[in-house]
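Participant: Here is a sequence together with a model predicted from it:
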Amino acid sequence: MKYIIAFTSLILSMIFVKPEPLLKYDLDKGVKIISTYSGKFNSINIFHSIITKNKNTDTYSIKTFIKNQSKVTEFSNEKSPTEPEILAHHFLNDNLYIIVKNEMHLMAIEINPAEKKSKLEKLGALEEAEYVANISDRTIIFNTDKDENRIEVYAVAGNNLEKSIISYPEGFKEKRAFVGPIDYINQSKYVESGSNNSANLYQLNDQSLAMVLSDEEKNLTVMAIGNSNNNSQKASKTYAFDTEVTEAIDGDYYVYDNKLFKLGLTKEKIAMSIFDVTNGQLLKSISMDDFIANSNATQKEVEKYAKKLKRSAFDPVLTVNENSDGNYIVRIDYVDNRVYNYDFMFHQQMMMQQQMMNNSIPKFGPNPPEAYIETSLTADEGNSFKFVLSPDLEFKSNSNLRPAVKDYENRDQLNKQINHKNRSKVTGVFTKNTLHLAYYNTYKGEVTIAEEPREVED
């Protein structure tokens with residue numbers, strides 16, 4: 001009976017959720033909606049873009065609305081002869097740049113919110129965009145060239161496009177790292193369990209990214225990305241395991257605050273080395289004894305953990321987050337590699353959902369709609385180990401485990417809107433107190449910009 005009540009409550013909540021409409025936009029006759037995109041910029045401003053197709057002229061338009069407090073400003077339609085997709089956005093010199101790709105070209109919609117003006121500019125030819133990542137004032141696009149063993153990097157800053165090449169690291173053994181997915185680790189929010197892929201991307205600072213590749217021997221190669229003055233960037237450093245775990249059978253890594261944390265595991269031991277990403281200097285080695293003395297793990301628990309990882313279905317995962325005191329929370333866990341996908345940038349995934357259902361361009365992380373199936377499987381809290389380090393890498397045994405970054409995204413709340421029977425093309429973005437939405441009202445035949453209070457999760 002309780003399951004019937006719970007299911008009925010869920011259906012009713014999906015039906016009767018009524019966001020407050022801020023703007024209703026009627027489509028002209030012969031115009032249909034293709035997709036929506038929602039985002040925020042300059043910390044406080046929200047924008048929504050809609051892509052439509054005129055069936056009479058067989059052309060496409062992109063229209064953007066910016067919300068500042070309770071006011072919504074409408075900007076002019078920007079035209080595209082072929083179907084466009086919004087890849088990303090960034091904010092530079094008081095302007096919002098929405099990065100768009102159609103069949104052959106990369107474009108930028110430049111919006112000046114103060115002057116209420118917008119314009120579309122072609123940036124250059126680009127046939128595909130395999131992976132897309134944002135740093136504060138730029139959008140970076142990656143294409144892997146498997147024949148030439150290199151990565152092509154397209155950096156977009158405002159309406160300027162620069163291309164550079166990252167050479168495949170000399171001696172690197174696991175070429176599938178470039179073939180398989182690349183996960184972009186979003187460190188602006190709390191990361192419970194990281195990626196178990198062999199290629200991951202981390203943001204080092206406002207100007208650069210670091211790509212880390214792991215080969216079959218568990219060596220790591222770190223490549224700096226984002227220095228547009230270097231047109232042939234190569235691997236900056238290859239890291240080996242700490243001497244205590246040279247015979248390691250498994251391991252993981254994580255980059256945080258310009259430091260690379262490297263975990264090594266054998267059937268009986270666990271240890272960690274921490275390096276400076278910028279120069280490869282070894283900053284700290286953490287032995288098995290150090291780990292047990294300063295974490296919530298006992299010798300027996302570590303042995304149980306290592307035994308679990310003997311099974312091929314499980315991978316170790318390592319994350320580092322900042323706590324409310326400014327120290328590092330280091331967390332070691334394991335995941336079931338048969339079903340696990342790193343869950344990154346939830347609101348970005350939701351923004352991209354409609355676009356990605358209509359095309360085949362992958363982004364960093366799992367591809368919707370599969371990403372919304374609850375396939376992530378991590379260990380119970382009792383099987384994860386944690387300890388705290390200061391920024392100087394000293395153990396802080398009495399420090400708290402409360403994360404410093406508050407995650408405002410509420411998956412269930414946005415899913416209610418996505419699954420609403422009268423709404424399609426739903427995208428949304430969260431701020432501290434509000435869910436900001438754009439969707440097509442299938443019952444009324446109009447695009448709606450709306451908002452509702454953010455539901456506080458239990």
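Facilitator: Good, I have the coordinates.

Participant: List the beta-bridge partners for the residue nearest to residue 297 when sequence neighbours are not counted.
Facilitator: Residue nearest to residue 297 in three dimensions, not counting chain neighbours: residue 385, with 4.2 Å by C-beta to C-beta, 6 or more residues apart in numbering. All C-beta spots, glycine's among them, are computed from the backbone N, C-alpha and C. Note on residue 385: beta-bridge partners by DSSP bridges are residue 332.

Participant: check contacts around residue 385.
Facilitator: For residue 385, the contacting residues are 291, 295, 296, 297, 301, 302, 305, 331, 332, 333, taking C-beta atoms under 8 Å, 6 or more residues apart in numbering as the criterion.

Participant: ok, now how distant is the second one from residue 283?
Facilitator: Computed as C-beta to C-beta, to the nearest Å, the residue 295 to residue 283 distance reads 19 Å.

Participant: Of these two, give the one with the bigger neighbour count.
Facilitator: Summary of the neighbour comparison: residue 295 and residue 283, criterion other C-beta atoms under 10 Å, with residue 295 having more neighbours (21 against 13).

Participant: Would you mind measuring from the residue lying closest to that one once chain neighbours are set aside to residue 166?
Facilitator: The shortest distance from residue 295 to any residue that is not its chain neighbour, by C-beta to C-beta, 6+ apart, is 3.9 Å, and that residue is residue 387. According to C-beta to C-beta, residue 387 stands 34 Å off from residue 166.

Participant: Equivalent analysis for residue 213, please.
Facilitator: To residue 166, residue 213 is 11 Å away according to C-beta to C-beta.

Participant: Residue 110 too?
Facilitator: In this structure, residue 110 and residue 166 are 28 Å apart, going by C-beta to C-beta.

Participant: Looking at the two, which has the bigger crowd around it?
Facilitator: Looking at residue 110 and residue 166 with other C-beta under 10 Å, you find the greater number of neighbours at residue 166, namely 22 against 18.

Participant: The more buried one bridge partners, please.
Facilitator: Each beta-bridge partner of residue 166 is listed here: residue 151, residue 233, as defined by DSSP bridges.

Participant: Surely it and residue 155 touch.
Facilitator: No - counting by C-beta atoms under 8 Å, residue 166 does not reach residue 155; the two are 11.7 Å apart.

Participant: rewinding a little: scan the contacts of residue 385 and report the most crowded one.
Facilitator: In the contacts of residue 385, the most neighbours by other C-beta under 10 Å go to residue 332, 27 neighbours.

Participant: mind listing what it touches?
Facilitator: Contacts of residue 332 (C-beta under 8 Å, 6+ apart): 263, 270, 305, 316, 317, 318, 384, 385, 386.

Participant: so where is the stretch 351-458 of the chain shaky, pLDDT-wise?
Facilitator: For the stretch 351-458 of the chain, the stretches flagged by pLDDT under 70 are 351-383, 405-407, 457-458.

Participant: just the strands in it please.
Facilitator: The residue ranges that make up the strands of the stretch 351-458 of the chain, judged by DSSP state E, counting those that start in this stretch, are 385-389, 423-430, 434-441, 446-453.

Participant: Give me the contacts around stretch 283-294.
Facilitator: 242, 244, 259, 269-276, 297-299, 302, 385, 387, 393, 395, 397.

Participant: Just the residues you listed: which are in helices?
Facilitator: Among those, the residues falling in helices (DSSP state H) are 299, 302.

Participant: Could you check how far the residue lying closest to residue 117 once chain neighbours are set aside is from residue 97?
Facilitator: With C-beta to C-beta, 6+ apart as the measure, residue 111 is the residue that lies nearest to residue 117, at 7.4 Å, once sequence neighbours are left out. With the distance defined as C-beta to C-beta, residue 111 ends up 8 Å from residue 97.

Participant: And residue 119, by the same measure?
Facilitator: Taking C-beta to C-beta as the criterion, residue 119 is separated from residue 97 by 11 Å.
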